[in-house]
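Peer 1: Got a sequence here, can you build the structure:
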Amino acid sequence: MLDKSTVNVSLTYGLLGGVVSFIYGLAIYFLYGQNPYSEQTEFSGTLIFVPAFVFLGVKYFKNYIDTELSFKKAFTVAILIVLILACSLALLQLIFTLAFGGELVSQFANEARGELFQSKTELVKSIGKENYEMMVEEVGNRSALSLSLKQVTLRFLVGFFISIVSAVFFRK
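Peer 2: Below you'll find the model as predicted:
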């Protein structure tokens, strides 16, 4: 099902995208003090790097490996790039958090709790007091692994749609 060229291109662009996304998160953290797990950093990194590396990887595959690229093959290359990018980034951030940044998880939980407390009246009105209290409790129970899994999920969901678009764009 997967030939060597599909795996090689997907690994190259997926790992490169994961490492670049990780470096971006570290740069934002060290330069501006913004948590790499924050919503702003996650969304900006996802919306910049996932489409860029999927597009570049599928374009490379079409230009140099298979000029008669079908939708199925383009989608396969794209979705593999997304999976490898998401998993490599999550693994790198998990290792960094466990080795050097233990305060990142508690900082994220405190920021999320603060946002929940700011919008308490609207949330209680829309979802109810019991659900609000459950949300506040769950935010406090976050771990580095759960935040990494959240990143993989976000990048995969965005990447799935980007993969469809790039496969349609690059098909023969």
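
Peer 1: And the pLDDT at the residue positioned nearest the centre of the chain?
Peer 2: Nearest to the geometric centre of the chain sits Arg155, at 3.2 Å (CA atoms, centre = their mean). Here, the pLDDT recorded for Arg155 equals 94.

Peer 1: Nearest residue to it in space, please, no chain neighbours.
Peer 2: Distances taken as CB to CB, 6 or more residues apart in numbering place Ala86 nearest to Arg155, at 3.8 Å, with adjacent residues excluded. Glycine gets a C-beta too; all of them are placed from N, C-alpha and C.

Peer 1: which helices and strands does the helix or strand hosting that neighbour pack with?
Peer 2: Using DSSP states H and E, Ala86 maps to helix 71-99. Other elements packing on helix 71-99 under the criterion 3 or more CB pairs under 8 Å, 6 or more residues apart in numbering; DSSP states H and E are helix 4-32, helix 39-64, helix 144-170.

Peer 1: where does this structure dip in pLDDT?
Peer 2: 1, 172 (pLDDT under 70).

Peer 1: for stretch 56-63, the distance to its chain's centre please.
Peer 2: In terms of CA atoms, centre = their mean, to the nearest Å, the centre of stretch 56-63 is found 21 Å from the chain centre.

Peer 1: again with stretch 115-128
Peer 2: On CA atoms, centre = their mean, the centre of stretch 115-128 falls 27 Å from that of its chain.

Peer 1: quick thing: my sequence starts at 42, can you match it?
Peer 2: Done: numbering now begins at 42, and the last item shifts to stretch 156-169.

Peer 1: End to end on it, go ahead and measure it.
Peer 2: 17 Å (CA to CA, to the nearest Å).

Peer 1: Now that stretch: buried residues?
Peer 2: Leu164 (16 or more other CB atoms under 10 Å).

Peer 1: do the same with stretch 194-210
Peer 2: Buried residues in stretch 194-210 (16+ other CB under 10 Å): Leu195, Arg196, Phe197, Val199, Gly200, Ile203, Ser204, Ser207, Ala208.

Peer 1: again, but for stretch 79-90
Peer 2: For stretch 79-90, a neighbour-count test (16+ other CB under 10 Å) marks Ser79, Thr82, Glu83, Gly86, Thr87, Phe90 as buried.

Peer 1: Please look at the last one and Ser62 and confirm they touch.
Peer 2: Spelled out, it's Phe90. Yes: using CB atoms under 8 Å as the test, Phe90 is close enough to Ser62 to be in contact (4.6 Å).
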